[in-house]
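Visitor: Predicted model and sequence follow; I will ask about them next.
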Amino acid sequence: MVYAIVKAGGRQEKVAVGDIVVVDRLGAQAGDSVELPALLLVDGAKVTTDAAALAKVKVTAEVVRDEKGPKIDILRYKNKTGYRKRQGHRQKLTRLKVTGIK
């Protein structure tokens, strides 16, 4: 079994070929191919963590679509003053399909 730990959008994700991963919004269009930097590679019993060897590893993924995350409600309230402030947020995300680990 071959899988890699990649850095995507400030977080680390465990990916294998064929996996679908949701990361922070990338500047690529749907159908484009992107390359993710590998931090660790596991190939059966062999584990690679050496930076020089990982520089040669290419994890490619295809952009499936852009989407938005769930709505987060933010409510600020101060007692006895009548202060209320309501705000919402939806994070912009990109769905990727991993196409290769070489």
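Guide: Done, it's in. Numbers count the residues shown, from 1 in each chain.

Visitor: okay, CA-based contacts and neighbour counts for the rest of this
Guide: OK.

Visitor: Quick one: residues contacting residue 23.
Guide: Residue 23 sits next to 8-9, 93-96 when contact means CA atoms under 8 Å, 6 or more residues apart in numbering.

Visitor: And those, which is closest to residue 70?
Guide: Distance to residue 70, by CA to CA, is smallest for residue 93 among the contacts of residue 23, at 10.3 Å.

Visitor: On the three-state scheme, the most centrally placed residue in the chain is what?
Guide: Nearest to the mean C-alpha position of the chain, by CA atoms, centre = their mean, lies residue 23 at 2.7 Å. Under DSSP: H, G, I helix; E, B strand; the rest coil, residue 23 falls in the strand class.

Visitor: least confident pick among the contacts of residue 23?
Guide: Among these, residue 9 carries the weakest pLDDT, at 81.

Visitor: Tell me if I'm right that that one and residue 24 touch.
Guide: Yes - Residue 9 lies in contact with residue 24 (CA atoms under 8 Å); the separation is 5.1 Å.

Visitor: Might you report the residue contacts of the residue lying farthest from the centre of the chain?
Guide: No residue in the chain sits farther from the centre than residue 80, which is 42.8 Å out by CA atoms, centre = their mean. By CA under 8 Å, 6+ apart, the contact list for residue 80 is empty.

Visitor: Now do the phi/psi pair for it.
Guide: phi 70, psi 0 (degrees, to the nearest 10).

Visitor: residue boundaries of the strands in the protein?
Guide: Under the criterion DSSP state E, the chain contains strands at 2-8, 11-15, 20-24, 33-36, 38-43, 46-48, 59-68, 72-78, 83-89, 92-101.

Visitor: and residue 6, how far is that from residue 77?
Guide: For residue 6, the distance to residue 77 equals 40 Å [CA to CA, to the nearest Å].
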